[in-house]
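>>> What follows is a predicted protein model with its sequence.
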Amino acid sequence: MNYINHFRPIYEFRAAAFWLLALLILPLSGMPYGWAFALFALLVLVFRSSQIWTALKFRMAISTKWLTTLDVQKLLKIQQRMRKEANSMYLGIGYEWTQKHCQIAHDILRMPTTDIPGLPRWLSKSRTGRKIEEAIESIFAPADSIRDRMPQGSSWIHGMEPKKGMVPFHYKAMGGHTLVGGTTGAGKTRTYEVISTQVIHLGDVLIIIDPKNDAEWKRRVERECGRAGRKFLYFNQAKPSESIRLNPIENWSQPSEIPSRIAQLMEEGPFRDFAFLFIDRAVKGELFVGDKPTLLSILKYAQSGVTTLLERGLKRFFRENGLPDWENLVTANAANIGNKPGASIVDGMVALYHTRFTALDKGHETIDGLVATHTHDKEHYMRIIASVLPLLQMLATGETGLMLSPKADDFDDEREIWDIDKVIKQKAVLYMGLDSLSNNIVQKAIASMVLADVAAVCGSIYNFYDVPPDVVLIIDEIAEAINEQVIQILNKGRGAGFKAFVAFQARADLEARLGNAAKMLQVLGNLNNQIILRLEDSDTAQWFSDKVGETAIRNLVVTGSTSTGSEAHVGEFNGSVSRSLQLEKVPLIPTRLIHGLPNLQYFMRISGAAVYQGRIPILQG
């Protein structure tokens, strides 16, 4: 078995010095065929010099951190070439992580950090030394790179492979959905910038849910849409003047989906079930009379009751069921209810409905539901509905209500009205900045409802489209917006052409949001690809390390012994030294490496394919 010690002294220096001396002396020695020996010395000197250069380059690579800068136009040229050659996206500079790199990593992990070879520390202690250090660094610096002087991470992780190339992320693999994990500041947003820039110029639909509302990411997406001639849509509840209007309950296949989206924002329990029931009745009533349900209309009926909606529904029902003279029949029947306190024309209509239809089992389920709500104990109804009223108030009133319950006939509001189905059909780019720091409850609710709308459109595409469109969905901080519909997108979205990218900082974020570990594992099980930047959470790092798997490394074991017999001369002894290589089973990517990644560096695992170590570029231009 071969074993290479990358950290031994560079003995080739001595050999090179000898052959250099020989090269200088031989032409002056006067020996026969001195030129031939000098030529041989030159060849050996070149060979030894190349070994020295390789060793120095390796030492500089593992002792210096770099950041890659990349002009957008150059990125697009790289993308076009990679798409043509390998049908893949560009994810920075890096290399395929193999057993060889695992071997070097374990060798380094066993060493004290002070023993990792690099430039002498005394160089940076003086002005002259710093200039020498900078000159040496400039010689070995990668192309389009600047020195990373931030303290985070270990320089040697990316530097241990001298032959780096462009890291590919194959488009076909994206259908399996992708997790982007990383602690604060590790580079998740810059990773998303590189991905979204390529998606925009590729022409796919792009929907971004950004709870933090990152200004640089938003500017990058808007700028690239301008370059590509794409429609850019911006939604931000905190900046209504810059935002579009977006109806989050526009798309559905079953009316019950609308109350489900609202009820899922509440805590589990009987109050949520009753709130769903009453909202479901109101929504079906609106549809029965020909109205389009909105958050504002749902709030109105929740607050004031469904009396007016029931009256309109009964009028239509009577006309359609052969009672055009219902008003005369109600008037004739008024004597039966006239003495009842609080009786109204609607009560008369309800009585007529019971007499002529319900008693004969000819009623309508929508009208039955509205009647049940209308006749329900008012005090009990208000106690139940009070649990959902604050949420509806936040979403359906004020400026937020105008943005989420848009009115097409409001000609004073010139902001465009969109919904997710329209975004996809027109191949637009939607950026939703949700400002979760200042208004966390409302922003979570908005994100959850919009993602439910995305799931509804995804289901429609899956069922009715012969050739589904390519849709890229990016959700930053998934724990802020995860719901059942998002799980369905991850589970079944591939068939509808959806490619999802979701980000978190730790698995615990998901578990806390979903309420149990089983749900968390269900989500993670649908994320077939993982792009992992530096993590602080050991549990998540261990999970990824287990995903990648194990390999075997070689350990060089050196043993020595000496002995002497009791009858031997005082100067006599026996000694032995032995060396052996042993195999040890270890994780292919140890968790210490995941904790030690510098900013913008990552490990990427493609399900069923290779593992890469790479560095995300900083886009410019």
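All right, it came through fine. Numbers count the residues shown, from 1 in each chain.
>>> so Glu536 sits right up against Thr183, yeah?
Yes - proximity of Glu536 to Thr183 meets the contact threshold set by CB atoms under 8 Å, at 4.6 Å. For every residue, glycine as well, the C-beta is placed using N, CA and C.
>>> Look at those two and report which has more neighbours.
Thr183 (18 against 14; other CB atoms under 10 Å).
>>> which residue ranges form the helices in the stretch 351-500 of the chain?
Under the criterion DSSP state H, counting those that start in this stretch, the stretch 351-500 of the chain carries helices at the ranges 365-375, 378-385, 389-396, 398-404, 420-425, 440-464, 484-492.
>>> Verify the assumption that Lys77 is located in a helix.
Yes - judged by DSSP: H, G, I helix; E, B strand; the rest coil, Lys77 forms part of a helix.
>>> Number of residues surrounding it?
For Lys77, using other CB under 10 Å, the count is 12.
>>> measure it to Leu70 for me?
Using CB to CB, to the nearest Å, one gets 11 Å for the distance from Lys77 to Leu70.
>>> Residues that sit against both of Glu536 and Thr183, list them.
Gln505 (CB atoms under 8 Å, 6 or more residues apart in numbering).
>>> For stretch 191-210, list every residue counted as buried.
191-202, 204-210 (16 or more other CB atoms under 10 Å).
>>> With stretch 454-467 instead?
Applying 16+ other CB under 10 Å to stretch 454-467 flags 454-462 as buried.
>>> And stretch 296-303, by the same measure?
Neighbour counts over stretch 296-303 (16+ other CB under 10 Å) mark 296-302 as buried.
>>> re the thing from before, wait, which of the buried residues of stretch 454-467 is closest to Gly285?
Ranking the buried residues of stretch 454-467 by separation from Gly285, with CB to CB as the measure, puts Ala456 on top at 20.7 Å.
>>> Show me the shaky parts of the protein.
Where the chain drops to pLDDT under 70, the residues are 1-8, 112-137, 140, 334-343, 436-438, 556-575, 577-581.
>>> How far off centre is stretch 517-534?
Relative to the centre of its chain, stretch 517-534 is centred 10 Å away, using CA atoms, centre = their mean, to the nearest Å.
>>> For that stretch, buried residues please.
Within stretch 517-534, judged by 16+ other CB under 10 Å, the buried ones are 519-520, 523-524, 526-534.
>>> ditto for stretch 211-224
211-214, 217-218, 220-224.
>>> Stretch 361-379 too?
For stretch 361-379, by 16+ other CB under 10 Å, it's 363-364, 366-367, 369-371, 373-374, 376.
>>> How about the contacts made by the residue lying closest to Asn321 once chain neighbours are set aside?
Closest residue to Asn321 apart from its sequence neighbours, by CB to CB, 6 or more residues apart in numbering: Phe357 at 7.0 Å. Neighbouring residues of Phe357 by CB under 8 Å, 6+ apart: 317, 321, 363-364.
>>> what does Val221 give?
Contacts of Val221 (CB under 8 Å, 6+ apart): 196-197, 200, 206, 208, 232, 429, 431.
>>> again, only using 7 Å
Listed by CB atoms under 7 Å, 6 or more residues apart in numbering, the contact set of Val221 reads 196, 200, 208, 232, 429, 431.
>>> Quick check: the gap between it and Ile417.
21 Å.
>>> what's next to stretch 608-618, contact-wise?
67-70, 91-97, 157-158, 167, 173, 187, 190-191, 194, 548, 588, 600-605.
>>> repeat that for 8 Å
By CB under 8 Å, 6+ apart, stretch 608-618 touches 66-70, 75, 91-97, 101, 144, 157-158, 161, 167, 170, 173, 187, 190-191, 194, 548, 588-589, 600-606.
>>> Beyond the strand or helix carrying Lys585, next helix or strand please.
Using DSSP states H and E, Lys585 sits within strand 574-587. Counting by DSSP H and E, the next helix or strand C-terminal to strand 574-587 is helix 591-595.
>>> mind listing what's buried in that following helix?
Within helix 591-595, the residues that count as buried by 16+ other CB under 10 Å are 591, 593-595.
>>> Also stretch 242-261?
243-252, 255, 257-261.
>>> Show the end-to-end separation of it, please.
Stretch 242-261 has an end-to-end distance of 26 Å (CA to CA, to the nearest Å).
>>> now stretch 203-220
End-to-end distance of stretch 203-220 (CA to CA): 16 Å.
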